[in-house]
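Enquirer: No letters, just coordinates:
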């Protein structure tokens, strides 16, 4: 039984972020990869949608310039033949401030011939923004009373 | 071939939100259901973690008091025998203001004997907060220059 594409991709991705070794991940991106991380692009311009391996590699390079991964826990996972979805909790360090950032991420990935064909990721973005600001943002309570 | 639990659950959930008919959904919650919607709980106290069908039914009731669903599109989906994950884009109306709100959600669900046993959902929460405020929140650009 061969290893699921997700594990190889995950190793290469974390190696790219933490060791700035981009060769492994470059070989695991479909030339026409369809990529999106939904999140606050005004704050992190490398979020958002990209098409093609060159554009995606540049995003990964920018993530590596801004964060290191201290640890991650995969809270939930679903594996298909050529697909995978998981929810992860990342403990990151923001490199500019050396601040710890805890981030929950959900992703849905598809692979073709061992390479990433598409990925959609969602961040618990408000939680991220509050941590980067370093203090809670005061929100009005919007819900109607129960 | 029987219908996947996700479809029955999804119909009952939307019926609960839009028609305030809670009987169907009540019958599809495991007594000990483990539930979490990760998001800004200061703003919407019905977000967060709950345990047990009574607590979850109360959350669904509060969602129904605050929002209606105008439309939803399932952008990505993975189905297992007793599990399902999807990413959805909701077009909601906030009932207090009649404002439209567009919301991206990822969820991972597990079922047992036809009932929801656990669900973890993640919202693109910053995008939600901005829409509810009715204007963009000005964020510093945090990323290092490329």
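Expert: Received the coordinates, thanks. Just so it is clear, the structure is predicted and the values come from calculations on it, not from any experiment. Residues are numbered from 1 along each chain as shown, chains lettered A, B, ... in the order given.

Enquirer: Where do the helices of chain A begin and end?
Expert: Ranges of helices within chain A are A:5-19, A:23-26, A:53-66, A:125-133, based on DSSP state H.

Enquirer: Would you mind naming the residues that bridge with residue A:123?
Expert: Note on residue A:123: beta-bridge partners residue A:105, judged by DSSP bridges.

Enquirer: Return the residues in contact with it.
Expert: With contacts defined as CB atoms under 8 Å, 6 or more residues apart in numbering or on different chains, the neighbours of residue A:123 are A:37-39, A:47, A:103-105, B:122, B:124. (Each C-beta comes from the backbone N, C-alpha and C, glycine too.)

Enquirer: quick revisit: between the helices of chain A, which gets nearest to chain B?
Expert: For these, proximity to chain B was assessed by CB to the nearest CB; helix A:125-133 is nearest, at 3.6 Å.

Enquirer: Tell me the buried residues in stretch A:88-106?
Expert: For stretch A:88-106, a neighbour-count test (16 or more other CB atoms under 10 Å in any protein chain shown) marks A:88, A:90, A:92, A:94, A:101, A:103-106 as buried.

Enquirer: whoops, I mixed them up, stretch A:65-80
Expert: Buried residues in stretch A:65-80, counting neighbours by 16+ other CB under 10 Å, are found at A:65-69, A:76, A:78.

Enquirer: Any chance of TSV for the residues you listed, columns distance to residue B:9 and pLDDT?
Expert: Listed next are these as TSV, based on distance: CB to CB, whole Å; pLDDT from 0 to 100:
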residue	distance to residue B:9	pLDDT
A:65	42	96
A:66	38	94
A:67	36	94
A:68	39	96
A:69	34	97
A:76	17	94
A:78	16	96
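
Enquirer: okay, those in JSON lines with distance to chain B next?
Expert: Below are those laid out as JSON lines (distance: CB to the nearest CB, whole Å):
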{"residue": "A:65", "distance to chain B": "5"}
{"residue": "A:66", "distance to chain B": "5"}
{"residue": "A:67", "distance to chain B": "10"}
{"residue": "A:68", "distance to chain B": "13"}
{"residue": "A:69", "distance to chain B": "16"}
{"residue": "A:76", "distance to chain B": "4"}
{"residue": "A:78", "distance to chain B": "5"}
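
Enquirer: Of those residues, which belong to strands?
Expert: Using DSSP state E, A:67-69, A:76, A:78 are the members of these that sit in strands.

Enquirer: what inclination does the lowest-mean-pLDDT helix or strand in chain A have with respect to helix B:125-133?
Expert: Using mean pLDDT, DSSP states H and E, helix A:125-133 stands out as the lowest-scoring helix or strand of chain A, at a mean of 79. In terms of direction (axes from the mean of the first three to the mean of the last three CA atoms, to 10 degrees), helix A:125-133 departs from helix B:125-133 by 100 degrees.

Enquirer: tell me which residues in helix A:125-133 are buried?
Expert: Neighbour counts over helix A:125-133 (16+ other CB under 10 Å) mark A:125-132 as buried.

Enquirer: for it, packing partners?
Expert: Packing contacts for helix A:125-133, counted by 3 or more CB pairs under 8 Å, 6 or more residues apart in numbering or on different chains; DSSP states H and E, involve strand A:99-112, helix B:125-133.

Enquirer: Could you list the residues in contact with the last one?
Expert: I take that to be helix B:125-133. Here helix B:125-133 makes contact (CB under 8 Å, 6+ apart) with A:38-40, A:124-129, A:137, A:139, A:142, B:38-40, B:43, B:94, B:99, B:101-104, B:136-137.
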